[in-house]
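Peer 1: Have a look at this fold, sequence not included:
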């Protein structure tokens, strides 16, 4: 592999240098790609199950968890910023900056343990939804078959198709959620000012216990097995860009040819050259130091800013919609999604608006859960590949689709027996397992990753490309936001 010489940044997309106009900002929507995958993966179990459930027993008081989620997007931006400026993946640096790549190994172990658990819970809820919609067959058969279909489509499909399909998923979900919540608010004559302040009362009004109607109902025993602080952390974990999608994003940047990769014929090969140069020199010495080039680099970062902002807005709107609907409709009806009926019991949200909306709810459910599986296979594979490729020469030599096939087979081998165990053993709570999984991949893992990303960004990048004071402050706030619910777990 030849050494990389000092480079000049590629010219940014012309739309970023155009004069301000409505047409210009509409063109920005064309940069919404990986963010649609992030949103599709995010809007699944949490928004359809945990969100309405928390709304039912906590009312509007925990809406501030949605606000905290901005912390994960800031961490994701700092991570992607580093790679788009330097060409080097964060996980590549972790592999050589930590002793024997211990941080990479921790993430790989977390993935190998929790991804089959997450997949098994998705099989359960997706299967229940499909069985409910079609009215025949065992729900587990439905769940397994559709998860296998999703995996096969990902393995044989192209990334462009992947992006477009998830953009459609998100459109259906967003429309369904917005229609439902607006109608719920209007019909029930809810004062909007009863809702909005709860997005900003961070750390306040946390329920100390479940309402009596929850604890006294034996049908909800699976709900009360999980503590309120763990529910809060799990829900935050559903909202975040988890370690799966955050690290997977590093691969999508290269596929999209964003930032430093813009004019590269083979972004992966170019990234490897950048990494080899760093290992040889012990520093990044190939980036330009001219002010004009630094200015150009800032324009090259705009696609990721647009993509992440749009993803955050969509996820936040849909999440708020389902939590508010749960507070207004499920709570007064003393109704909760339980292990037995994770999805069906929420139909009250749509039936309250009119029977004709039931198909919209069913379509939204299937799109959400199928989209989670579909996006999850791709994101999990990207994450594992980015994390392990510089730990093993053998893995680095794998063709990506081959590596994806191995991951797909691993997930199925372990998740299907686990899903069967959940179906036959009532002591295996789907909600509890989901909460533990989301705690690790969506909160704790993201906090550890965020700390590492900030340190790498401020010590490895040349001085002129490092975060300025405002960026550092924002990054610290992001870590604090992600850590706040942990305080309640240990109280």
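Peer 2: That came through, no problem. Bear in mind the structure is a predicted one, so any value in this text is a computation, not a measurement.
Peer 1: all contacts plus neighbour counts: C-alpha atoms, from now on.
Peer 2: Will do.
Peer 1: which residues of the stretch 1-150 of the chain fall in strands?
Peer 2: For the stretch 1-150 of the chain, strands defined by DSSP state E, counting those that start in this stretch do not occur.
Peer 1: Below-threshold pLDDT in it: ranges please.
Peer 2: Scanning the stretch 1-150 of the chain with the threshold set as pLDDT under 70 gives 1-3, 44-49.
Peer 1: Let me know the pLDDT of residue 462.
Peer 2: On pLDDT, residue 462 comes in at 94.
Peer 1: ditto for the one 3 residues further on
Peer 2: Looking at residue 465, its pLDDT is 95.
Peer 1: Could you report the neighbour count for it?
Peer 2: By the criterion of other C-alpha atoms under 10 Å, residue 465 has 19 neighbours.
Peer 1: how about the nearest residue to residue 472, chain neighbours excluded?
Peer 2: residue 454 (7.8 Å; C-alpha to C-alpha, 6 or more residues apart in numbering).
Peer 1: In this structure that neighbour contacts residue 78, no?
Peer 2: Yes. Counting by C-alpha atoms under 8 Å, residue 454 touches residue 78, with 7.2 Å between them.
Peer 1: which residues do the two both contact?
Peer 2: residue 475 (C-alpha atoms under 8 Å, 6 or more residues apart in numbering).
Peer 1: related to what we said a few turns ago, can you tell me the helix or strand for the residue nearest to residue 472?
Peer 2: helix 445-460 (DSSP states H and E).
Peer 1: any residues touching that helix, and which ones?
Peer 2: Contacts of helix 445-460 (C-alpha under 8 Å, 6+ apart): 72, 75, 78-79, 82, 90, 107, 242-243, 283-284, 466-467, 472, 475, 479, 482-483.
Peer 1: Show me which of those residues are buried.
Peer 2: By neighbour count, with 16 or more other C-alpha atoms under 10 Å, the contacts of helix 445-460 hold 72, 75, 78-79, 82, 90, 107, 242-243, 284, 466-467, 475, 479, 482-483 as buried.
Peer 1: follow-up on the earlier one: can you get me a residue count around the residue nearest to residue 472?
Peer 2: By the criterion of other C-alpha under 10 Å, residue 454 has 20 neighbours.
Peer 1: so what's the most centrally placed residue in the chain up against?
Peer 2: For the chain, the residue sitting closest to the mean C-alpha position, by C-alpha atoms, centre = their mean, is residue 241 at 3.4 Å. Going by C-alpha under 8 Å, 6+ apart, residue 241 touches 38, 42, 72-73, 76, 442.
Peer 1: try 10 Å
Peer 2: 35, 38-39, 41-42, 69-76, 247, 249, 308, 311-312, 441-443, 446 (C-alpha atoms under 10 Å, 6 or more residues apart in numbering).
Peer 1: Let's verify it: helix, strand, or coil?
Peer 2: On the three-state scheme (DSSP: H, G, I helix; E, B strand; the rest coil), residue 241 is labelled coil.
Peer 1: Next one: it from residue 372, what distance?
Peer 2: Here residue 241 is placed at a distance of 13 Å from residue 372 (C-alpha to C-alpha, to the nearest Å).
Peer 1: Overlap in contacts, those two.
Peer 2: Joint contacts of residue 241 and residue 372 (C-alpha under 10 Å, 6+ apart) are 38-39, 41-42.
Peer 1: Is it possible to get a markdown table of those residues that adds distance to residue 409 and neighbour count?
Peer 2: Compiled in a markdown table, those are given as follows (distance: C-alpha to C-alpha, whole Å; neighbours: other C-alpha atoms under 10 Å):
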| residue | distance to residue 409 | neighbour count |
| --- | --- | --- |
| 38 | 23 | 29 |
| 39 | 25 | 32 |
| 41 | 20 | 30 |
| 42 | 23 | 27 |
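Peer 1: Can you tell me which of the residues you listed is nearest residue 205?
Peer 2: The closest of the shared contacts of residue 241 and residue 372 to residue 205 turns out to be residue 42 (C-alpha to C-alpha; 25.5 Å).
Peer 1: Does that closest one touch residue 379 like I think?
Peer 2: No. Between residue 42 and residue 379 there is no contact under C-alpha atoms under 10 Å: 11.4 Å.
Peer 1: shared neighbours of the two, anything?
Peer 2: With C-alpha under 10 Å, 6+ apart, residue 42 and residue 379 have common neighbours 242, 245.
Peer 1: could you say what helices and strands the helix or strand containing residue 152 packs with?
Peer 2: Element membership for residue 152, per DSSP H and E: helix 139-156. With contacts taken as 3 or more C-alpha pairs under 10 Å, 6 or more residues apart in numbering; DSSP states H and E, helix 139-156 sits against helix 102-134, helix 159-187, helix 358-388, helix 400-424.
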